[in-house]
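Peer 1: Compute the structure for the input listed below.
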Amino acid sequence: MRDSIFQLMPVEINGYKPTASEPGVITQKLDTTPLTKLFSTSLAEQLSREGNVFIKTNSPGGVATVSIGGSSASQTSLLWNGLLLNNPMLGLYDYSLIPTFLFDQAQVQYGGNGATQGNASVGGSIQLLSQPKSIDGYATELVMGVGSFRSQQLGVASHYGTEGIKITTRAYFQQNKNDYPFQDLYGKIRRQQNAALNQQGFSQDIQIGDDKNNLSVHTWYLKNEYQIPGSLLQSKSAQKQNDEAIRTALTWNKQTKKNNLIWNVGYTNDKIRFIDSLIPLDEKSRSSSIQSDFYIEHQSRKKWKSSYRLNYNYTEAFTDAYQQKQTIQAVNLIVKTAYETEKLYASLSKRSSLYNHEYNLLIPSLDVKAKVYKNLSTLLDISRLYRNPTLNDLYWQPGGNPNIKTEKGWNYSAGFELSEKKEKWNYQLQAVGFYTLMKNEILWTPSEMGFYFAQNVNESRAKGVRVFAQLTRKRENSNLSGWINASYGNYLVKQSSASNDFRNKIYTPHEIYKWGITYSYKNFQFNYYGSYAGYSFVTSDNSSWTNPFLLQDVTLSYSCEIKNSDLQFYVGCKNISDENYQIVKYRPMPGRSYQAGIRMVLK
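Peer 2: Sure, this is the predicted structure:
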């Protein structure tokens, strides 16, 4: 039975199997075609345009975090080639640090699943794969782009393939002055200051062997420097942050007639330096982790499959606010049984977890997808959720609490999928209702001494509906496709353990609507994107909020082939209606901007 996956473009995921989602869980494949990588320079930008998520950021290229289905930024897990990348101190990740040029495939899982996805997958997870290209011989790829506010980007990739080995090496550079005009509190037009971005990185992916027995090595290095602009309430800002990271993953994949074995070993190292010369402040932090993931799947009978997964994670971190280096050791055992026929898929997963000295012996999930009539299927997911405390929750001084408890809860989702594919047209419609209940949520609250401290005081509830619809029409020389990705929900959080007062979660809009239209004729392609976010409360007492905003983007591209080269030219306009909006209160975002670029592949 086909997975419950909707996609904006036909892209196939063939990556690290343990990160694959269950058919009962809605998963979206992002558009990873070359034009999208030219127009969306970071994963944060692409998610804000395509994903049913809320991206919280105070400026282009600034820190960008993700919220899915009313969850907090630390309740969404990020995986790259099977490695968990969430910062162990903060529990979240900055998605502006991920250039789209450096990965090949990306998908978003909506809805948490503690048994299969593990720690922090409360709202869902985002999964990235980078793989060498399947070519015979050599190919070189070059992308260049320029845009408003003195933005520049450059990417170079080299691909080599022969029988038994494939290698892809990529390097990327981006800089942006981000000196866009905005309107201050008094109606005066000013230029943004202290908002420059400089980003560079490279990656290499090597695969040795064939499809049934192969060894893969993935390496990714990034360096990011960006300035943090002041708010409308500040006259000046001198803040900046430097990020540097290296990740590597080694994966062995062995497939036989009835068994599939995967062993993934990885290492991550992250450094962050925050500087504010006006205070002055110079704060450094560093973390590293070693991860091992052993997975085996066995088909015991014709319709039955069993899988076993053993995961180990050792993390250490240090910052000036810790009294000493702190470590985390986590061991997870996941057992899954699945039954699949032409009309029914059902699986039961169970996870046992050891996090430092805390045991969670039974974390279950049940996923079902059943075909009820022709092209109509029903979906069901019931999952136990959990999020372990971050190192800051435990050890930050002052305010960390070594006795803080793990967040725990349940996710329930049910819906339907209707789809049909024909020679010249196809459609897809998915609608899922969800309800998530979390207890022991960790909240940093102010003390009488004036500093914040961590404690378990919260309970949160999220309920709503997600809808995705897509219609594609194909003709001899042209294609027309349109899609809508929408959600509406009610996201509440309990203010204290001593009261029953629920308020709306901050920076979590109830309404998120996104849509797009793509029309191609011969060598030309036109894309239109729209997104709308509703009111978003910015204070815990719900006394202040940001207004709704509507963003619209367009691109036009032309592709051609000259001798042994493939060329693609594009122009684009972001925020074509010149919307004046804020995502973070008192942090103005840019108005209309323009972009142009070229992609060239030498074979």
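
Peer 1: and the helix or strand harbouring residue 283, which strands flank it?
Peer 2: Here residue 283, judged by DSSP states H and E, is contained in strand 281-298. Here strand 281-298 is paired, per DSSP bridges, with strand 259-276 (antiparallel), strand 304-319 (antiparallel).

Peer 1: Export those to CSV and append columns for distance to residue 330, mean pLDDT and mean neighbour count.
Peer 2: Where you see a C-beta, it was placed from the backbone N, CA and C, and this is true even at glycine. Formatted as CSV, the strands paired with strand 281-298 follow (distance: least, C-beta to C-beta, whole Å; pLDDT from 0 to 100; neighbours: other C-beta atoms under 10 Å):
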stretch, distance to residue 330, mean pLDDT, mean neighbour count
strand 259-276, 14, 95, 17
strand 304-319, 4, 94, 17
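
Peer 1: nearest to residue 71, of these?
Peer 2: Proximity to residue 71, assessed across these by C-beta to C-beta, is greatest for strand 304-319 (21.1 Å).

Peer 1: Off-centre distance for the strand holding residue 283?
Peer 2: Mean-position distance between strand 281-298 and its chain equals 17 Å (C-alpha atoms, centre = their mean, to the nearest Å).

Peer 1: and if you look at stretch 68-84?
Peer 2: How far stretch 68-84 lies from its chain's middle: 6 Å, per C-alpha atoms, centre = their mean.

Peer 1: Check the average confidence over it, would you?
Peer 2: What stretch 68-84 shows for mean pLDDT is 91.

Peer 1: C-alpha coordinates for that stretch, PDB please?
Peer 2: Only the C-alpha atoms of stretch 68-84 are listed here, as PDB (Å, rounded to 0.1, in the frame of the first residue of the first chain):
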ATOM      1  CA  ILE A  68       4.300  22.300  13.500                       C
ATOM      2  CA  GLY A  69       0.700  21.900  14.700                       C
ATOM      3  CA  GLY A  70       1.000  24.200  17.700                       C
ATOM      4  CA  SER A  71       4.200  22.600  19.000                       C
ATOM      5  CA  SER A  72       7.200  24.600  20.200                       C
ATOM      6  CA  ALA A  73      10.500  24.900  18.300                       C
ATOM      7  CA  SER A  74      12.100  22.300  20.600                       C
ATOM      8  CA  GLN A  75       9.300  19.900  19.900                       C
ATOM      9  CA  THR A  76      10.300  19.300  16.300                       C
ATOM     10  CA  SER A  77      13.200  17.000  15.400                       C
ATOM     11  CA  LEU A  78      15.500  17.500  12.500                       C
ATOM     12  CA  LEU A  79      17.300  14.600  10.900                       C
ATOM     13  CA  TRP A  80      20.000  14.600   8.200                       C
ATOM     14  CA  ASN A  81      20.900  11.200   6.800                       C
ATOM     15  CA  GLY A  82      19.600   9.600   9.900                       C
ATOM     16  CA  LEU A  83      21.500  11.900  12.400                       C
ATOM     17  CA  LEU A  84      19.600  14.000  14.900                       C
END
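
Peer 1: And the next helix or strand past whichever strand or helix holds residue 413?
Peer 2: Using DSSP H and E, residue 413 sits in strand 407-421. Going down the chain from strand 407-421, the next helix or strand is strand 425-446, by DSSP H and E.

Peer 1: What is the subsequent helix or strand relative to that following strand?
Peer 2: Next along from strand 425-446, by DSSP H and E: strand 452-474.

Peer 1: Quick check: the nearest residue to residue 57 once chain neighbours are set aside vs residue 92, distance?
Peer 2: Leaving aside its chain neighbours, residue 57 sits nearest to residue 64 (4.1 Å; criterion: C-beta to C-beta, 6 or more residues apart in numbering). Applying C-beta to C-beta, to the nearest Å, the value for residue 64 to residue 92 is 10 Å.

Peer 1: Of these two, which one has the most company?
Peer 2: residue 64 (25 against 20; other C-beta atoms under 10 Å).

Peer 1: Next up, phi/psi of the more buried one, please.
Peer 2: Residue 64 has phi and psi values of phi -130, psi 120 when expressed as degrees, to the nearest 10.

Peer 1: which residues touch it?
Peer 2: 42, 44, 55-57, 94-96 (C-beta atoms under 8 Å, 6 or more residues apart in numbering).

Peer 1: I'd like the distance between it and residue 98.
Peer 2: On the measure of C-beta to C-beta, residue 64 and residue 98 end up 9 Å apart.

Peer 1: got any residues that touch both of the two?
Peer 2: By C-beta under 8 Å, 6+ apart, the residues touching both residue 64 and residue 98 are 42, 44.

Peer 1: Give me the buried positions along the helix or strand hosting residue 479.
Peer 2: Using DSSP H and E, residue 479 sits within strand 478-494. The neighbour-count check on strand 478-494 (16 or more other C-beta atoms under 10 Å) flags 481, 483, 485-487, 489, 491-494 as buried.

Peer 1: Tell me the strands beside that strand, with direction?
Peer 2: For strand 478-494, pairing defined by DSSP bridges yields strand 452-474 (antiparallel), strand 502-504 (antiparallel), strand 511-521 (antiparallel).

Peer 1: Can you say which of those strands is nearest to residue 239?
Peer 2: Of all those, strand 452-474 comes closest under C-beta to C-beta, at 19.3 Å.

Peer 1: Tell me the gap between that closest one and the middle of its chain.
Peer 2: Here strand 452-474 is found 14 Å from its chain centre; the criterion is C-alpha atoms, centre = their mean.

Peer 1: Give the buried residues for it.
Peer 2: Buried, per 16+ other C-beta under 10 Å, within strand 452-474: 453-464, 466-470, 472.

Peer 1: the inter-axis angle of it versus strand 425-446?
Peer 2: For strand 452-474 against strand 425-446, the angle by axes from the mean of the first three to the mean of the last three C-alpha atoms, to 10 degrees is 170 degrees.

Peer 1: Thanks again, I'm all set now.
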